[in-house]
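Student: What shape does this take:
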Amino acid sequence: MPPVVVDASLIFRLVVPNAAQPAVRSRVDGWMQSGSTPAAPTLWLYEMTSALVKAVHLGGLTEIEARRGLHLTHSFPIDLILPDARLSEAAFDWGRRLGRANAYDAYYVALAQALGCELWTADRRLANAVQQPWVRCES
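Tutor: Purely as a prediction, here's the structure:
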């Protein structure tokens with residue numbers, strides 16, 4: 001089975017208590033049962049950690065909840081892919097096409113395109129901006 005690219009916004013909903021957690025857990029379990037391995041660019045780990053720190057800072061999570069989420073992040077079965085020059089070029093192109101001031105989201109899009117697989121996100125704005133049938137949003 002092909003991998004499935006997942007961004008930090010989706011997996012954040014898996015590792016912290018929230019209303020979307022059961023639906024995301026069900027989706028991830030389905031991928032695992034079908035033999036699809038989640039994948040992401042290495043920046044995924046930085047984004048996950050940053051989102052957890054931010055949630056504590058803004059009062060959305062307790063430090064205990066965030067640390068539990070960080071532990072779950074590190075135990076999540078994901079292939080982290082170090083970008084090479086070709087992927088960076090594709091991310092640059094996607095960043096420009098999407099009119100973004102940075103390329104973080106564009107790396108996920110470029111990786112999914114390079115692997116010929118779906119990208120799953122919880123970021124409706126990203127999914128709407130990309131406008132590709134292989135970009136899916138779990139909201």
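Student: Surely Glu89 forms part of a strand?
Tutor: No: read with DSSP: H, G, I helix; E, B strand; the rest coil, Glu89 is helix and lies in no strand.
Student: For it, list the residues it contacts.
Tutor: For Glu89, the set of contacting residues under the criterion of Cβ atoms under 8 Å, 6 or more residues apart in numbering is empty. Just so you know, the C-beta spots here come from the backbone N, C-alpha and C atoms, and that holds for glycine as well.
Student: ok, now His57?
Tutor: Here His57 is in contact with no residue (Cβ under 8 Å, 6+ apart).
Student: ok, now Asp7?
Tutor: If you count contacts by Cβ under 8 Å, 6+ apart, Asp7 has them with 40, 44, 47, 105, 108, 119-123, 126.
Student: Between the residues you listed, identify the one with the most neighbours.
Tutor: Tyr108 (31 neighbours; other Cβ atoms under 10 Å).
Student: what about that residue, helix or strand, and which?
Tutor: helix 104-115 (DSSP states H and E).
Student: what does that helix contact?
Tutor: Against helix 104-115 from outside (Cβ under 8 Å, 6+ apart): 2-3, 5, 7, 39-41, 43-44, 47, 81, 83, 86-87, 90-95, 98, 100, 118-119, 121, 123, 126, 130, 132, 134-135.
Student: ok, now stretch 74-81?
Tutor: Contacts of stretch 74-81 (Cβ under 8 Å, 6+ apart): 3, 6, 11, 14-15, 32, 37-42, 44-45, 87, 111.
Student: quick one: which of these sit in helices?
Tutor: Those of the contacts of stretch 74-81 mapping onto helices are 11, 14-15, 32, 44-45, 87, 111, per DSSP state H.
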